[in-house]
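# how would this look folded up:
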Amino acid sequence: MDLKLSRLNYTFIKKPLLISGKAMQYYGLRESTKDIDLVAPKEDIAALANLYPDRIKDLWGDLGVCPFDFEIWKTICSFDYDYLSNGAVDIGEVLVISRELLIFSRIAMKKDRYIEDAKLVMGQILDERYKDFGKLKAENHAILERLPHVTFIEQTGPDS
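The predicted structure is shown next:
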């Protein structure tokens, strides 16, 4: 994924963190819009604000610098780079927010379309987890087969 960060004429102190639609696209969930949303440490934001002082956003305390098709944020819903980059995937020129924190960041925005994004990410994670359903069921059976009697008070699943 070539984001063409060189257009900014700036070298980041730390690799910026890719979030929002482009992160959804990275994980194969949906195509993104043309904008590129990133989170960067406050030192990078300060330097970028100096370069682009006429391209600043402040949304409920979330400070962003928005040149070209980039939106580069210091925080998202007051969560900073250090928090949001935990578990990120390094893809070269940027990090990509982890799927788990992508869910969190989408829900935090409190918009219906972002809630739908969170559902897509969660569905992808669960689909991957349930590929090992047979193994999980076998492990559970090995635990329970030692008992003389088991009564399920609830049991669901593909072959319940």
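
# C-alpha only now, for contacts and for neighbours.
Fine.

# hang on, residue 71 is in a strand, isn't it?
Yes: assessed by DSSP: H, G, I helix; E, B strand; the rest coil, residue 71 belongs to a strand.

# and it, what are its bridge partners?
Listed by DSSP bridges, the beta-bridge partners for residue 71 are residue 37.

# My guess is it contacts residue 59. True?
No: if you go by CA atoms under 8 Å, residue 71 and residue 59 don't touch, sitting 11.9 Å apart.

# out of those two, which sits in the busier spot?
Neighbour tally, residue 71 and residue 59, criterion other CA atoms under 10 Å: the higher count belongs to residue 71, 19 against 10.

# For the more buried one, give me its contacts.
When contacts are counted by CA atoms under 8 Å, 6 or more residues apart in numbering, residue 71 touches 35, 36, 37, 38, 64, 65.

# And the strands in the protein?
17-18, 36-39, 56-59, 62-65, 70-73, 75-76, 79-80, 89-90, 95-96 (DSSP state E).

# Buried deepest among the ones you listed, which one?
When the strands of the chain are scored by mean count of other CA atoms under 10 Å, the highest mean neighbour count falls to strand 17-18 (a mean of 28).

# Please list the outside residues in contact with that one.
Applying CA under 8 Å, 6+ apart, the contact partners of strand 17-18 are 36-40, 81, 84-85, 88, 94-97.

# State the pLDDT value of the most centrally placed residue in the chain.
When CA atoms, centre = their mean is applied to the chain, the residue found nearest the centroid is residue 102 (2.2 Å). You'll see residue 102 listed with a pLDDT of 95.

# quick one: it and residue 118 touch, right?
Yes: using CA under 8 Å, residue 102 is in contact with residue 118, at 7.3 Å.

# any idea how far the biggest helix by length in the chain is from the chain center?
Assignment by DSSP state H gives helix 112-130 as the longest helix of the chain. Helix 112-130 sits 11 Å away from the centroid of its parent chain (CA atoms, centre = their mean, to the nearest Å).
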